[in-house]
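S.K.: need coordinates for the following:
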Amino acid sequence: MEYAADVGDLAERCDVLVPMCALTKRTERMISEEVIGRLRPHAGIVNMSRGKVVDTDALTEALEKKSIKYAILDTTYPEPLPADHPLPRQLLHLSPLRH
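M.R.: Down below sits the predicted model:
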């Protein structure tokens with residue numbers, strides 16, 4: 001087991017980044033453009049946290065540019081996404097449950 005100094009350091013080494021945390025001021029957009037940019041091209045994100053933990057715009061851009069391979073999301077921010085938002089076209093799975 002290796003120690004990762006921060007989420008960005010961890011992102012550089014993982015194949016699947018799975019944030020599982022509460023939404024707080026500290027974790028809001030924790031999976032930022034910088035963190036997503038440090039993922040390897042074959043890596044993906046599986047977000048089981050709240051939607052605001054992942055920067056939606058940065059994730060959308062990374063998927064469109066194929067900087068990362070995939071994302072599987074249980075929730076997004078905003079939710080629901082606007083009908084014309086490009087993110088759903090990029091996803092392997094978006095939970096069909098809506099509140």
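
S.K.: when you work out contacts or count neighbours from here on, use the C-alpha atoms and nothing else.
M.R.: Fine.

S.K.: would you verify that residue 28 is located in a strand?
M.R.: No: counting by DSSP: H, G, I helix; E, B strand; the rest coil, residue 28 is not found in a strand; it is coil.

S.K.: residues contacting it?
M.R.: Contacts for residue 28 were tallied using Cα atoms under 8 Å, 6 or more residues apart in numbering; they are 52, 53, 54.

S.K.: ok, the last one to residue 2 distance?
M.R.: Here the distance between residue 54 and residue 2 works out to 24 Å (Cα to Cα, to the nearest Å).

S.K.: now do the phi/psi pair for residue 81.
M.R.: Dihedral angles phi and psi of residue 81 (degrees, to the nearest 10) take the values phi -70, psi 150.

S.K.: tally of neighbours for it?
M.R.: Using other Cα atoms under 10 Å, residue 81 is surrounded by 14 other residues.

S.K.: per-residue pLDDT of it, please?
M.R.: According to the prediction, residue 81 has pLDDT 90.

S.K.: report the buried residues of the longest helix along the chain.
M.R.: Of all segments of type helix in the chain, defined using DSSP state H, the longest is helix 56-64. Of the residues in helix 56-64, those scored as buried under the neighbour-count criterion (16 or more other Cα atoms under 10 Å) are 56, 58, 59, 60, 61, 62, 63.

S.K.: which stretches in the protein count as helices?
M.R.: Taking DSSP H as the criterion, the chain carries its helices at 7-13, 33-37, 56-64, 87-90.

S.K.: is it true that residue 68 touches residue 38?
M.R.: No: between residue 68 and residue 38 there is no contact, the gap being 9.5 Å when judged by Cα atoms under 8 Å.

S.K.: any idea how far residue 72 is from residue 5?
M.R.: Following Cα to Cα, the distance that separates residue 72 from residue 5 is 25 Å.
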